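# missing the sequence, but the structure's below:
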Ligand SMILES: [Zn+2]
């Protein structure tokens, strides 16, 4: 058999552990995994040596904002950032674009906007808002990977939140087709208005109890309906015990956290530094440690970016006022390095990173061909130098507005090459995407 591509590495991260191995690719898929020194008849044979070989990451939480708010972020720029960061599949959130993805027609608009512009593969979430119940089944049939809802103001008027009754009725509907609902879980009744430049006041305005009360509602509704629910961007580590209890009771619940909650701590955030604003907020270092433990214990299932950019004037509006600035941290290109930087210090392995950032998100989104180096899977590969470090230079970021709280930070672990279905994406010198965008628009498998 003749292969199109063979990639060998002393540190190949396979589903059953990291070892010296080779991955042979035929067409768009992995055809074989063999010994490091295995002989193949191949068009290209690349030996990465000590560079690690990972499956391409799957980021299930990305706000692309196109169409409608393309000046915030678009498919071309977001997917370029993804490729440069070792992410080969993104799942686009249904809000912040116009129209929001709450109908089959809006999904068609999304797909039309994305077609031909994506450097990596893109799947789509649908939205569940009051009055959109009749669109859930048609959107599910049209291939969305699940549905997103809010339990409080989303920040954009066209994507209103569900109340407790609405949540239960959406989950009942989704249970019939076993579709997933992902929930922004903060309770407005526990949140106070925040204003001013003091980061501590902003964090105090959105306390852990706001997450806890909302997650209680989700657990109760998931238990009552038998539906699958997922908590997005968990920040309050005190909720880990509640999640563990619900899982142990057989409630179909999963959770994610994000690189910024695992990397930053509130004590380090300067007043007026609105580039750190996101909701729920980055909390203190004690909370960060407890989040890590929840992740390491397997209660938190995955780490995804919540990449949510906006133009700099919205991020810095009101000269450092946390009440006015747009909430969102854009880290598609940096998430792998940010998480690895801390994980490595904690003695974690690349296997953990791949589980949290590739395998688990792929399985969450029902993308059966993604997230693993194994025969039959898409040949989405990343050459990663786990020992190299670099200083984050916003000028090198590929997303539209390179505002980032990571600017100037030294991160460990660098992407050297990314392959999408067997095709390399990055210029070897500059590390930025090269060639033509060939990402596909995916449906749920
Ligand atoms: Zn989000």
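Alright, I've got the coordinates. If you're wondering where the values come from, they're calculated on a predicted model, not measured in any experiment. Numbering: from 1, shown residues only.
# Determine the longest strand present in the chain.
Using DSSP state E to define each element, the chain has its longest strand at strand 2-14.
# The next helix or strand after it pairs with which strands, parallel or anti?
Next helix or strand after strand 2-14 toward the C-terminus (DSSP states H and E): strand 17-26. With DSSP bridges as the test, strand 17-26 is paired with strand 2-14 (antiparallel), strand 29-34 (antiparallel).
# I'd like to know which of those strands is closest to residue 338.
strand 2-14 (18.2 Å; C-beta to C-beta). In this view, the C-beta of every residue, glycine as well, is placed from N, C-alpha and C.
# list the buried ones in the closest one?
3, 4, 5, 6, 7, 8, 9, 10, 11, 12, 13, 14 (16 or more other C-beta atoms under 10 Å).
# avg pLDDT for that strand?
The pLDDT scores in strand 2-14 average 98.
# Okay, strands next: where are they in the stretch 101-250 of the chain?
121-124, 126-127, 147-150, 180-184, 228-231 (DSSP state E, counting those that start in this stretch).
# Dump the ones you listed into TSV; add mean pLDDT and distance to residue 135 as well.
Shown next, in TSV, are the strands of the stretch 101-250 of the chain (pLDDT from 0 to 100; distance: least, C-beta to C-beta, whole Å):
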stretch	mean pLDDT	distance to residue 135
strand 121-124	98	13
strand 126-127	98	8
strand 147-150	98	10
strand 180-184	98	14
strand 228-231	98	19
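# I'd like those as a markdown table, with mean neighbour count appended.
Shown next, in a markdown table, are these (neighbours: other C-beta atoms under 10 Å):
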| stretch | mean neighbour count |
| --- | --- |
| strand 121-124 | 26 |
| strand 126-127 | 28 |
| strand 147-150 | 27 |
| strand 180-184 | 26 |
| strand 228-231 | 24 |
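# quick one, which of those strands is nearest to residue 366?
strand 180-184 (7.6 Å).
# Using JSON lines, lay out the strands paired with strand 17-26 together with distance to residue 167.
Listed next are these as JSON lines, based on distance: least, C-beta to C-beta, whole Å:
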{"stretch": "strand 2-14", "distance to residue 167": "38"}
{"stretch": "strand 29-34", "distance to residue 167": "39"}
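# what's the closest of the ones you listed to residue 215?
strand 2-14 (31.7 Å).
# coming back round to it: nearest to residue 66, of the strands of the stretch 101-250 of the chain?
Judged by C-beta to C-beta, the one of the strands of the stretch 101-250 of the chain that comes nearest to residue 66 is strand 121-124, at 10.7 Å.
# who touches the closest one?
64, 75, 79, 88-92, 94, 101, 107, 110-111, 114, 143-145, 365, 367, 370, 378, 380, 420, 439-444 (C-beta atoms under 8 Å, 6 or more residues apart in numbering).
# repeat for stretch 250-258
By C-beta under 8 Å, 6+ apart, stretch 250-258 touches 60-61, 218-219, 222-223, 226-235, 243, 246-247, 278, 291, 294-295, 299-306, 329, 331, 335, 361, 364.
# swap in stretch 147-156?
Outside stretch 147-156, the residues touching it (C-beta under 8 Å, 6+ apart) are 93-96, 100, 125-129, 136, 139, 159-162, 167, 170, 174, 179-188, 191, 214, 217-218, 232, 279, 326-327.
# 6 Å instead?
Stretch 147-156 has contacts (C-beta atoms under 6 Å, 6 or more residues apart in numbering) with 93-95, 125-128, 161-162, 181-184, 186, 188, 214.
# Could you do stretch 73-89 as well?
Contacts of stretch 73-89 (C-beta under 6 Å, 6+ apart): 56-59, 64-66, 90, 114, 117-121, 309, 332-333, 336, 370, 380, 382, 398-400, 415, 418, 420, 425, 432-433, 439.
# out of the residues you listed, which are inside strands?
Under the assignment DSSP E, the contacts of stretch 73-89 contribute 57, 58, 59, 90, 121, 382, 415, 418, 420 to strands.
# Most neighbours of all the residues you listed, which one?
Neighbour counts for those peak at residue 57, which has 35 neighbours (criterion: other C-beta atoms under 10 Å).
# so what's that residue bridging to?
Counting by DSSP bridges, residue 57 is bridged to residue 87.
# surely it meets residue 355?
No: Residue 57 is beyond contact range of residue 355, at 11.2 Å (criterion: C-beta atoms under 6 Å).
# Next, count neighbours for the closest residue to residue 15 other than its chain neighbours.
Using C-beta to C-beta, 6 or more residues apart in numbering and skipping residues adjacent in sequence, the residue nearest residue 15 is residue 372, 5.3 Å away. Other residues within reach of residue 372, judged by other C-beta under 10 Å, total 21.
# again, but for the one 3 residues further on
When counting by other C-beta under 10 Å, one arrives at 13 neighbours for residue 375.
# And it, how far from residue 15?
11 Å (C-beta to C-beta, to the nearest Å).
# What of residue 377?
Separation of residue 377 from residue 15 (C-beta to C-beta) stands at 10 Å.
# Neighbour count for the two, which is higher?
Taking neighbours as other C-beta under 10 Å, residue 377 and residue 15 compare with residue 377 leading, 20 against 15.
# What's the separation between residue 77 and residue 56?
19 Å.
# quick one, which of those two is more surrounded?
Neighbour count, other C-beta under 10 Å: between residue 77 and residue 56, residue 56 has more, with 30 against 25.
# nearest spatial neighbour of that one, skipping sequence neighbours?
Closest to residue 56 by C-beta to C-beta, 6+ apart is residue 88, at 2.8 Å.
# now swap in residue 187 and tell me
Per C-beta to C-beta, 6+ apart, closest to residue 187 is residue 213, 3.8 Å.
# pLDDT score for the one you found?
Note on residue 213: pLDDT of 98.
# got it, and the one 4 residues further on?
Turning to residue 217, the model gives it a pLDDT of 98.
# So, low pLDDT: which residues of this protein?
Flagging of the chain using pLDDT under 70 yields the residue ranges 317-318.
# where along it do the helices fall?
75-84, 104-114, 133-141, 164-177, 199-205, 208-225, 240-248, 259-263, 285-296, 312-315, 335-345, 350-354, 360-365 (DSSP state H).
# for those helices, which one sits closest to residue 37?
Distance to residue 37, taken as C-beta to C-beta, is lowest for helix 350-354 among the helices of the chain, at 21.2 Å.
# same for that closest one, what does it pack against?
Helices and strands touching helix 350-354, by 3 or more C-beta pairs under 6 Å, 6 or more residues apart in numbering; DSSP states H and E, are strand 2-14.
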